[in-house]
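>>> Predicted structure and sequence below. I'll ask about it afterward.
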Number of protein chains: 2
Amino acid sequence: MPRDAKATRQRLLTAARTEFARYGIAGARVDRIAAAAASNKAQIYHYFGSKDALFDAVWESLVTQVINGTPIDVGDLAGWAADLADIYADYPELMRLVAWQRLERAGDPPLPMSVRSVERNIDAIGKAQAGETVTDRFRPDIIFSLILHLATLWGDMNPDVKAAVELPDRDTRRSIIGQAVSRLLS
Amino acid sequence: MPRDAKATRQRLLTAARTEFARYGIAGARVDRIAAAAASNKAQIYHYFGSKDALFDAVWESLVTQVINGTPIDVGDLAGWAADLADIYADYPELMRLVAWQRLERAGDPPLPMSVRSVERNIDAIGKAQAGETVTDRFRPDIIFSLILHLATLWGDMNPDVKAAVELPDRDTRRSIIGQAVSRLLS
């Protein structure tokens, strides 16, 4: 792909991520995405084919970002959890996109690249359990799920809870998630 | 309110809960709700005023159900967490409604009745900490948030995780949540 085309495609992806995070898939407007990317609707259809396929591309780029940005460290699962919590703190759009995807794409088949990553992580936890460096109190897939879920604590509060909870600063949020995972696995 | 009117209103609320859980607020169709409730659009406007106000009524009934269905037990926070997990297992619509509300109503003011309930629960945890029956490892509002969040573990998995995780049966799910909270607070 020529450099200009690549840059346009990337600008469209970035604008689409913001639009989908705000309005969801059904609510997203292709013309707003085109305008925000200083492009036009024809370019969107040229590069992606449809609004739904544009969402697929956004989703795949997001999953890739999370997977590559936070490689598992079975020697320090608490630290890994804290890193995951940082990602959600730094990119609040992620939580919204994940939620829209689950609500509007409940019937989608899983993403093979992502399933493989999850399986590799679970496998790594299982091996660490076999080597007795990680507790076998929970099954490896349960440990993986618990860590992933705990890391989303701060992005997942509803307004009524937020109104009553004093949100700690980023470092404290990070350390609470690390501490919680340490306790779970100690 | 006469008995028939009360019954109609309740049928509309029930049908609306299903419709909003499936399609969200923007996507919900008042005529589908009316048909599912064996009623008509005029009745919806008569009893609730608008689609948005109908969602408000659904939301309030849902929050009331969760609050009344799972009173806190500071003597057994692990058991309380397990009860919360049961509610999400038994009413999968809840998780979807909570997610739609957060996405489509991010700017809504918190619900006073719900904030008061959260504050009472946090207060109860704080008193138990003062009486040294609950650990003070985490602040009381953090303990409350951690428990509430852990209880949603099973309803919050994305398809890629679900494809790789063997979902335990209801009793085991309940016991894992209880065990996780026990570890956090032990």
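In hand now; what should we look at? Numbering: from 1, shown residues only, chains lettered A, B, ... in the order given.
>>> How about the lengthiest helix in chain A and chain B, touching?
Secondary structure of chain A per DSSP state H: the longest helix is helix A:3-27. Yes - legend: contact between helix A:3-27 and chain B by C-beta under 8 Å from any C-beta of the partner chain is shown at A:24, A:26-27. C-beta coordinates here come from the backbone N, C-alpha and C atoms, glycine included.
>>> Contacts for the worst-scoring helix or strand of chain A on mean pLDDT next, please.
Using mean pLDDT, DSSP states H and E, helix A:159-164 stands out as the lowest-scoring helix or strand of chain A, at a mean of 89. Here helix A:159-164 makes contact (C-beta atoms under 8 Å, 6 or more residues apart in numbering or on different chains) with B:63, B:102, B:106, B:108-111, B:114-115, B:117-119, B:122, B:141, B:144-145, B:148.
>>> Show me the domain layout of chain A.
Annotated domains of chain A cover A:1-54, A:70-185 [automatic domain parsing].
>>> Can you tell me which of these is packed in deepest?
domain A:70-185 (a mean of 18; mean count of other C-beta atoms under 10 Å in any protein chain shown).
>>> Excluding chain neighbours, what is closest to A:Trp80?
Excluding the flanking residues, the one nearest A:Trp80 by C-beta to C-beta, 6 or more residues apart in numbering or on different chains is A:Asp73, at 4.8 Å.
>>> Quick check: pLDDT value at the one you found.
pLDDT recorded at A:Asp73 is 95.
>>> In terms of helix, strand or coil, where does it fall?
coil (DSSP: H, G, I helix; E, B strand; the rest coil).
>>> Quick check: it touching A:Gly79?
Yes - the criterion here is C-beta atoms under 8 Å, and A:Asp73 meets it with A:Gly79 at 6.1 Å.
>>> B:Ile177 is nearest to which of the domains of chain A?
Minimum separation from B:Ile177 across these (C-beta to C-beta) falls at domain A:70-185, 9.5 Å.
>>> Show residues contacting the helix or strand that the longest helix of chain A is followed by.
Remark: after helix A:3-27, the chain's next helix or strand is helix A:30-36, criterion DSSP states H and E. Contacts of helix A:30-36 with the rest of the structure, by C-beta under 8 Å, 6+ apart, involve A:12, A:15-16, A:18-19, A:40-41, A:43-44, A:51, A:54.
>>> let's go with 7 Å and repeat that
Contact partners of helix A:30-36, identified using C-beta atoms under 7 Å, 6 or more residues apart in numbering or on different chains, comprise A:12, A:15-16, A:18-19, A:40-41, A:43-44, A:51.
>>> B:Arg137: which of the residues you listed is nearest?
A:Thr18 (38.4 Å).
>>> Against chain B, how distant is A:Arg29?
13 Å (C-beta to the nearest C-beta, to the nearest Å).
>>> go on, A:Thr133?
Note on A:Thr133: its distance to chain B, by C-beta to the nearest C-beta, is 18 Å.
>>> where does that residue land on pLDDT?
You'll see A:Thr133 listed with a pLDDT of 96.
>>> Can you name the residues that contact A:Val134?
A:74, A:77, A:125, A:128, A:185.
>>> Identify the spatial nearest neighbour of the last one, chain neighbours not counted.
I take that to be A:Leu185. That would be A:Thr135: by C-beta to C-beta, 6+ apart, it lies 5.0 Å from A:Leu185.
>>> The one you found: what secondary structure?
Secondary structure for A:Thr135, judged by three-state DSSP, is coil.
>>> Same check on A:Phe138?
Assignment for A:Phe138 (three-state DSSP): coil.
>>> Show me the shaky parts of chain A.
Chain A contains no residues with pLDDT under 70.
>>> Can you name the residues of it sitting close to chain B?
Within chain A, the residues that sit near chain B (C-beta under 7 Å from any C-beta of the partner chain) are A:24, A:26-27, A:96, A:98-103, A:108, A:110-111, A:114-115, A:118-119, A:122, A:138, A:141-142, A:145-146, A:148-149, A:153, A:156-161, A:163-166, A:176, A:180, A:183-184.
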